[in-house]
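[1] heads up, no residue letters with this:
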């Protein structure tokens, strides 16, 4: 029987990797961004929600769309965040252009992507990496019982961390990393873009979703099925 206590796996965290090649009809870097955003939001539907996204812009080869080392875009790094009180995350890259928003829904993400690809001083301007370092996760029913008031205790190498919980119609949600505990996010993600060849890495840091017998593994399995239904190949 899976334990209900949540633990942060500082070592040996679980990883899911998937790959996708943009079809010939997916013309342009914004189309590649749309594929990445749809994968991120579809995989996490009802379970994982990004709270901050970092993107590295790039000048790309006009024929292949592959990101180039030279020339460099005018503003290479961008950070979009909708972090609730108590959650804190610095930009993944230094000197990133920071944008605040109410929520990271599909329309917000794609509008932001479109804006960051303009005025970069190169044609075509594109992107090479999308990184998620902060997010919220819906607690499985077994872990909901560990919540005390408006907090849920999470074990780590530092001791017991009390995470604020949001009580929503679809269950209890916890978000991280906390300002006082960097690196304590429940999950992280990275999508790389090499001329339309996309690689998606999802890192599961909390035990209910990372362990094979964890209470959240059924949610992970459902997320995998949603991603493959979009045409992604799990590796």
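    Sure, I can see it. As the structure is a computational prediction, the values presented were derived from the model and not from experiment. Numbering: from 1, shown residues only.
[2] For the helix or strand of the chain with the lowest mean pLDDT, name the packing helices and strands.
    Between all helices and strands in the chain, the lowest mean by mean pLDDT, DSSP states H and E belongs to helix 141-144, at a mean of 85. Judged by 3 or more CB pairs under 8 Å, 6 or more residues apart in numbering; DSSP states H and E, helix 141-144 is in contact with strand 171-176. Any C-beta I mention is one placed from the backbone N, CA and C, and that applies to glycine too.
[3] any idea which helix or strand comes after the strand it packs on?
    Using DSSP states H and E, the helix or strand that follows strand 171-176 in sequence is strand 187-194.
[4] Just checking: what are the partner strands of that following strand?
    With DSSP bridges as the test, strand 187-194 is paired with strand 125-138 (antiparallel), strand 197-204 (antiparallel).
[5] Count residues in the vicinity of the nearest residue to residue 113 once chain neighbours are set aside, would you?
    Spatially, and ignoring its direct neighbours in sequence, residue 113 is nearest to residue 33 (4.3 Å; CB to CB, 6 or more residues apart in numbering). Residue 33: 24 surrounding residues under other CB atoms under 10 Å.
[6] and residue 33, which of the three is it?
    helix (DSSP: H, G, I helix; E, B strand; the rest coil).
[7] That one and residue 133: what is the separation?
    18 Å (CB to CB, to the nearest Å).
[8] So what sits opposite the residue positioned nearest the centre of the chain in the bridge?
    Centroid-nearest residue in the chain: residue 132, 3.6 Å away (criterion: CA atoms, centre = their mean). Counting by DSSP bridges, residue 132 is bridged to residue 53, residue 189.
[9] Now do the contacts for it.
    Going by CB atoms under 8 Å, 6 or more residues apart in numbering, residue 132 touches 40, 50, 52-54, 187-190.
[10] Which pLDDT value belongs to it?
    For residue 132, the model assigns a pLDDT of 96.
[11] Buried residues in stretch 100-120, which are they?
    Using 16 or more other CB atoms under 10 Å as the test for burial, stretch 100-120 gives 104, 108-109, 112-113, 116-117, 120.
[12] Name the residues that touch it?
    Counting by CB under 8 Å, 6+ apart, 29-30, 33-34, 37-38, 41, 49-53, 55, 57, 59, 73-75, 78, 80-82, 97, 99, 125-127 sit against stretch 100-120.
[13] before we move on, what about stretch 213-227?
    For stretch 213-227, using CB under 8 Å, 6+ apart, the contacting residues are 2-4, 16, 18, 39, 42-48, 138-143, 200, 204, 206-209, 211, 234.
[14] Quickly note the distance from residue 221 to residue 120.
    40 Å.
[15] And residue 97, by the same measure?
    11 Å.
[16] Which residues are in contact with each of those two?
    residue 75.
[17] before we move on, back to that, what about the contacts of stretch 100-120, which are in strands?
    49-53, 55, 57, 59, 78, 80-81, 97, 99, 125-127 (DSSP state E).
[18] Could you give me the ChimeraX syntax to select whichever of those are buried?
    To isolate the buried members of these in ChimeraX, using 16+ other CB under 10 Å:
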select :49,50,51,52,53,55,57,59,78,80,81,125,126,127
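[19] Which pair in the ones in strands among the contacts of stretch 100-120 has the greatest spatial separation?
    Pairwise distances across those peak at 31.7 Å for 49 and 59 (criterion: CB to CB).
[20] which residues touch residue 158?
    Applying CB under 8 Å, 6+ apart, the residues near residue 158 are residue 181.
[21] Repeat that for residue 9.
    205-207, 210.
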